[in-house]
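S.K.: Here is a sequence together with a model predicted from it:
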Amino acid sequence: MLLGLLALLAAAVLALLGARRAAAPGAWAPLKRWALGCLLLFHGSWRTRAAGGGSAEPRRPRPLRPDPHAFDSVYFTGFTETNKSFVIARLAKRPNGTCEMWLFLRVDGIGEFEHPQHPNMMVNDESEEIWSGGGLTIEYLEPQARWKITFDGLLREGPYRQQWSEEEGKLVPVQFSFYWENFTDVFNFSIDSHPSTLVRAIAREPWTTEFFQRVRKQREQHFRHEQWGQSVGEIEIENHEKTQLSLKGIRSHSYGIRNWSEIYRYVMILAHFEDGTASHLTVINMPATTTNLTVGYAFFPDGRKAGIEWSNISLAEMAADGVIKDEYGVSFTAGGKYFEVSATLDQQARPVVYNGLTGSGVFHECIADFQLNGLTQGWGLVEFYYRDETAQPVPNLQVGLKAEGPDLSSQCPATDGSSP
């Protein structure tokens, strides 16, 4: 509904100004702001109807669309609040029996570990019923409430690799099993996002009929919803006692069509704070549609959720030269509240993965400590993505198989994973 109204208003603006003047970057900003203000007026009724038309999230992966860029992705993060332990796991089903897979973890006092395929992220899809690949398995147990995340195989002991190497490194048998349960509602980006961020981004772009067709197509083929929760379980690493962990973090489910070549850059900030606040802030450059789109939300300690209305985050100030600094600060508003967030990135925990089979994009998953409004401590990460057209493919790259390791079923006493 929102994009339909936008298309009608765009047609009126194009008719008034003529295609050449409307297409000029930054042209006729007052008229554009008026048109976009009209969209905000209609947004409430659109949101109500959209919410009523949603369907329940299925327990099994969605059938992929008949498109080479179809995907169904689940992504989990988890951080302890007592030490430096964390787990990051992602599986994204792709066509032709492949998966994108990320797996990074750190157990405080033992070390950092990553999947031996990394920085490549492609593995074989091992199941049609669940998300499974490379020894990692993610199962949906209860709609929007409970998931199970397990791994059984070999991981490479750190430090995390920043580029491809022929050397295998030290591989260590690892097993873990976590049960994730939600403590927030779901944020549906298609329904719950505040419209001001989209319309502000669109107002910056040159307006043509083709431009609005691209915007509509892009928003109708990609869907995402997220919620925050707690993972409880244990990790067993060869020659170490079992470690019990309680982790707080996000679970994100994206599906539809995602063509990575349409994304030039983005920065995503995910943080959970000790007072119960949780936030997601992304700024993204998609050259065909919006070159500076901000999206995200905040969950408040009382359970309320609100889409981000404004932010000062800028890609030009977030490692535009490819050099990631140790500290960043951003501000945003959501639900009528002002948030000031500072991030201190962990110099030892910045794992890297290459995008797809060609290596034409690079993800930097930077673990960080946060401060909210200078007072409240938080945990999470800052993710940087760069499209790199000059990058060379990984030599002789093969889609990875499960990294199988020996059985670790011997009984070992468990520790609580806390600092000594």
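M.R.: Ah, there it is.
S.K.: count of neighbours near W131?
M.R.: If you count neighbours by other CB atoms under 10 Å, W131 ends up with 26. Just so you know, the C-beta spots here come from the backbone N, C-alpha and C atoms, and that holds for glycine as well.
S.K.: So for it, what's the pLDDT?
M.R.: What the model reports as pLDDT for W131 is 97.
S.K.: For the residue nearest to S311 when sequence neighbours are not counted, give its distance to Y297.
M.R.: The shortest distance from S311 to any non-neighbouring residue, by CB to CB, 6 or more residues apart in numbering, is to F332 (3.7 Å). Using CB to CB, to the nearest Å, F332 is found at 10 Å from Y297.
S.K.: list residues touching both of these two?
M.R.: 279, 308 (CB atoms under 8 Å, 6 or more residues apart in numbering).
S.K.: sorry, back to before: element containing the residue nearest to S311, please.
M.R.: Applying DSSP states H and E as the criterion places F332 in strand 327-334.
S.K.: If you count neighbours, what's buried in that strand?
M.R.: Using 16 or more other CB atoms under 10 Å as the test for burial, strand 327-334 gives 328, 330, 332-334.
S.K.: what's in contact with stretch 349-363?
M.R.: With contact meaning CB under 8 Å, 6+ apart, stretch 349-363 is reached by 84, 86, 88, 100, 102, 104, 106, 112, 114, 118-122, 160-164, 260-261, 263, 324, 364-367, 383-389, 391-394, 397, 399.
S.K.: Please enumerate the helices of the stretch 51-200 of the chain.
M.R.: 189-192, 195-203 (DSSP state H, counting those that start in this stretch).
S.K.: any idea which of these is most buried?
M.R.: Ranked by average neighbour count under the criterion mean count of other CB atoms under 10 Å, the helices of the stretch 51-200 of the chain are headed by helix 195-203 at a mean of 20.
S.K.: ok so, going back, need the buried ones from the contacts of stretch 349-363 selected in ChimeraX.
M.R.: Buried residues within these, by 16+ other CB under 10 Å, are selected in ChimeraX with:
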select :84,86,88,100,102,104,106,112,114,118,119,120,121,122,160,161,164,263,364,365,366,367,383,384,385,386,387,394,397,399
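S.K.: quick one on the thing from earlier: list the helices and strands whichever helix or strand comes after the strand holding F332 packs on?
M.R.: Next helix or strand after strand 327-334 toward the C-terminus (DSSP H and E): strand 337-345. Here strand 337-345 touches strand 265-273, strand 278-286, strand 327-334, strand 361-372, strand 376-387, going by 3 or more CB pairs under 8 Å, 6 or more residues apart in numbering; DSSP states H and E.
S.K.: List the pairing partners of the first one within its sheet, with orientation.
M.R.: Read it as strand 265-273. strand 278-286 (antiparallel), strand 376-387 (antiparallel) (DSSP bridges).
S.K.: List the residues that contact the closest residue to E114 other than its chain neighbours.
M.R.: Nearest residue to E114, sequence neighbours excluded (CB to CB, 6+ apart): F104, at 5.0 Å. Each residue near F104 by CB under 8 Å, 6+ apart is listed here: 86-88, 112-115, 118, 160, 349, 351, 365.
S.K.: any idea how far F104 lies from V74?
M.R.: 16 Å.
S.K.: of all the helices and strands packed on strand 337-345, which lies closest to G133?
M.R.: Nearest of these to G133, taken as CB to CB: strand 361-372 at 17.1 Å.
S.K.: export the closest one as CSV, just CAs?
M.R.: Only the C-alpha atoms of strand 361-372 are listed here, as CSV (Å, rounded to 0.1, in the frame of the first residue of the first chain):
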residue,chain,number,x,y,z
GLY,A,361,32.2,-9.3,-1.2
VAL,A,362,33.6,-9.4,2.3
PHE,A,363,31.9,-9.5,5.7
HIS,A,364,33.7,-8.3,8.9
GLU,A,365,31.9,-9.6,12.0
CYS,A,366,33.4,-7.4,14.7
ILE,A,367,32.5,-8.3,18.3
ALA,A,368,32.0,-5.2,20.5
ASP,A,369,31.2,-3.8,23.9
PHE,A,370,28.6,-1.1,24.0
GLN,A,371,27.5,1.9,26.1
LEU,A,372,24.0,3.3,26.0
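S.K.: what ranges of the chain fall below the confidence cut-off?
M.R.: Across the chain, the ranges flagged by pLDDT under 70 are 1-57, 357-359, 389-420.
S.K.: Let me see the contact set for S85.
M.R.: S85 is in contact with 79, 105-108, 243, 245, 247, 417, counting by CB under 8 Å, 6+ apart.
S.K.: In TSV: the buried residues of strand 327-334, plus distance to G374.
M.R.: As requested, the buried residues of strand 327-334 are exported to TSV (distance: CB to CB, whole Å):
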residue	distance to G374
Y328	15
V330	13
F332	15
T333	17
A334	18
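S.K.: and which of the residues you listed is nearest to V283?
M.R.: Nearest to V283 among those: V330, at 8.8 Å, using CB to CB.
S.K.: Thought T282 was touching the closest one, still the case?
M.R.: No: the pair V330 and T282 does not pass the contact test of CB atoms under 8 Å, sitting 11.0 Å apart.
S.K.: Quick check: neighbours shared by those two?
M.R.: With CB under 8 Å, 6+ apart as the test, V330 and T282 both reach I269.
S.K.: Let me see the contact set for the closest residue to Y328 other than its chain neighbours.
M.R.: Among residues not flanking Y328 along the chain, A343 sits closest, at 4.9 Å (CB to CB, 6+ apart). Listed by CB under 8 Å, 6+ apart, the contact set of A343 reads 269, 271, 327-329, 368-370, 382.
S.K.: Which two of those have the greatest separation?
M.R.: A271 and E327 (14.2 Å).
S.K.: So which bits of stretch 259-274 are buried?
M.R.: For stretch 259-274, by 16+ other CB under 10 Å, it's 259, 262-273.
S.K.: beta partners for R387?
M.R.: G361.
S.K.: so what secondary structure elements neighbour whichever strand or helix holds E226?
M.R.: Remark: E226 resides in strand 222-237, with elements defined by DSSP H and E. Counting contacts by 3+ CB pairs under 8 Å, 6+ apart, strand 222-237 packs against strand 70-79, strand 98-107, strand 171-182, strand 187-188, helix 189-192, strand 242-257.
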